[in-house]
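> Provided below for reference: sequence and predicted model.
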Amino acid sequence: MKKFFVAVLVVSVVFMFAGTSYARGIMVKGGYGIMMDDYDDADYDNRPFFGLYFDAGNFIFNNLKFKAGVDYMAMKSDRAFDFDVWGIHLDWYWFFMGKSQINPFLGFGPALNYYDFDNDVEDSDAGIEGFAGVEFNLSGPLSLMLEARYLWHDIADRDTTVFKLGVGVQYNF
């Protein structure tokens, strides 16, 4: 419960400093996670993931957007414990070319990862991720996002990494 309150506090501080924060859209994202480093050594399978993200609009200046979200990935291995990872993400997207039909971006953000092991053990770690991609503004209120994301599940143990290739569809308000 303490970790939940810390996560709420972090989100509250972020919104307090957001200059023009407003609900801009909601995005459903999915893709494929490629296991690396220790996950690959333990024979964890490359797995699909999915998530739900909320676009909170501009942060400090117009080309920096804040998107918070939650995603899920099941980690399966024949040699190690199976577990589920629920990630709470606080992502900043920098659209360095401004606003147009095709918007490339770079991004980073911290994540709070909750692990639910099959042997009824739960754990959590602070992680961080970097990503790049492109967003396509489609007709009407929809946009399509393609991204590549490199994430560390635990910043204290930098060998628990995943490379994610994702596709998202956002409905803009």
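In hand now; what should we look at? Numbers count the residues shown, from 1 in each chain.
> distance from the centroid: which residue in this structure tops it?
R79 (27.1 Å; Cα atoms, centre = their mean).
> The residue most central in space within the chain pairs with what?
Nearest to the mean C-alpha position of the chain, counting by Cα atoms, centre = their mean, stands H89 at 4.8 Å. Assessed by DSSP bridges, H89 has beta-bridge partners G69, A111.
> what's near enough to touch it?
51, 53, 67-71, 109-111, 129 (Cβ atoms under 8 Å, 6 or more residues apart in numbering). C-beta: built from backbone N, CA, C; applies to glycine.
> Buried members of these into ChimeraX, please.
A single ChimeraX command is used to select the members of the contacts of H89 judged buried by 16 or more other Cβ atoms under 10 Å:
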select :51,53,67,68,69,70,71,109,111,129
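> Looking at the contacts of H89, which one is closest to D154?
Proximity of the contacts of H89 to D154 (Cβ to Cβ) peaks at A111, which lies at 10.1 Å.
> and the closest one, what does it touch?
Contacts of A111 by Cβ under 8 Å, 6+ apart are 87-90, 126-129, 151.
> filter those residues to the buried ones?
Buried by 16+ other Cβ under 10 Å: 87-90, 127, 129, 151, out of the contacts of A111.
> For the residue farthest from the centre of the chain, what are phi and psi?
phi -110, psi -10 (degrees, to the nearest 10).
> Find the nearest non-adjacent residue to it, please.
Distances taken as Cβ to Cβ, 6 or more residues apart in numbering place D43 nearest to R79, at 4.9 Å, with adjacent residues excluded.
> and the one you found, how far is that from I155?
D43 sits 24 Å away from I155, going by Cβ to Cβ, to the nearest Å.
> Then S77?
Here the criterion is Cβ to Cβ. By it, S77 lies 22 Å from I155.
> before we move on, back to that, how about the contacts of H89 in JSON lines, adding pLDDT and distance to M97?
Formatted as JSON lines, the contacts of H89 follow (pLDDT from 0 to 100; distance: Cβ to Cβ, whole Å):
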{"residue": "G51", "pLDDT": "96", "distance to M97": "25"}
{"residue": "Y53", "pLDDT": "96", "distance to M97": "21"}
{"residue": "K67", "pLDDT": "93", "distance to M97": "18"}
{"residue": "A68", "pLDDT": "93", "distance to M97": "23"}
{"residue": "G69", "pLDDT": "94", "distance to M97": "23"}
{"residue": "V70", "pLDDT": "96", "distance to M97": "28"}
{"residue": "D71", "pLDDT": "95", "distance to M97": "26"}
{"residue": "G109", "pLDDT": "94", "distance to M97": "20"}
{"residue": "P110", "pLDDT": "95", "distance to M97": "25"}
{"residue": "A111", "pLDDT": "94", "distance to M97": "26"}
{"residue": "E129", "pLDDT": "95", "distance to M97": "22"}
